[in-house]
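**Student:** Sequence and predicted structure, then a few things I'm wondering about:
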Amino acid sequence: MHTKLGPGLLESVYEAIMAYELRKGGLHVIHQRPLPVIYEEVRMKIGFRPDLIVEGKVIIEVKSIEVLAPVHTKQLLTYLRLADKRLGLLINFGGALIKDGIRRVVNRLPES
């Protein structure tokens, strides 16, 4: 996808194509569905919208910027905590090489 399209497009383009490709591969993908935030027993509908949730387990946060900043990893970790998910991928399509723009983010692992 990155090789075909190159860097510099809007995040929404990469999100839509990534959702399409994952679905084409047989995976269940939720795209931009609002999730509520629960704070002190209060459920707030004004929560957040993860870019993609794959198979109900992995949150993918898509960026299209020159360089990822530490705040982007923190943002994804917050999304993982609020959604009670363990694994996230932060993918930046803004760089020349996609391999340099992929970060794996793990929320607290279950105790064994």
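**Tutor:** All right, it came through fine.

**Student:** and the strand or helix carrying Ile46, which strands flank it?
**Tutor:** Using DSSP states H and E, Ile46 maps to strand 42-48. Strand 42-48 has its sheet partners listed here by DSSP bridges as strand 35-39 (antiparallel).

**Student:** Can you pull out the low-pLDDT segments for the protein?
**Tutor:** Counting by pLDDT under 70, the chain has low-confidence residues at 109-112.

**Student:** same thing but 90
**Tutor:** For the chain, residues meeting the criterion pLDDT under 90 lie at 1-8, 32-49, 66-68, 82-84, 94-101, 108-112.

**Student:** Which parts of this structure are strands?
**Tutor:** Assigned by DSSP state E, the chain shows strands spanning 29-31, 35-39, 42-48, 52-54, 58-63, 87-92, 102-106.

**Student:** re the thing from before, counting neighbours, show which residues of the strand holding Ile46 come out buried.
**Tutor:** Gly47 (16 or more other CB atoms under 10 Å). For glycine as for every other residue, the C-beta is placed from the backbone atoms N, C-alpha and C.

**Student:** export the strands of the chain to TSV and tack on distance to Glu11?
**Tutor:** Shown next, in TSV, are these (distance: least, CB to CB, whole Å):
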stretch	distance to Glu11
strand 29-31	12
strand 35-39	18
strand 42-48	15
strand 52-54	11
strand 58-63	5
strand 87-92	10
strand 102-106	15
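
**Student:** Of all those, which one is nearest Leu9?
**Tutor:** strand 58-63 (10.6 Å; CB to CB).

**Student:** Figure out which of the strands of the chain is closest to Gly6.
**Tutor:** strand 87-92 (13.4 Å).

**Student:** who's in contact with that closest one?
**Tutor:** 14, 18, 57-65, 67-68, 72-73, 76-77, 79-80, 98, 101-107 (CB atoms under 8 Å, 6 or more residues apart in numbering).

**Student:** at 6 Å what do you get?
**Tutor:** Residues outside strand 87-92 that contact it (CB atoms under 6 Å, 6 or more residues apart in numbering) are 58-63, 68, 72, 76, 80, 101-103, 105.
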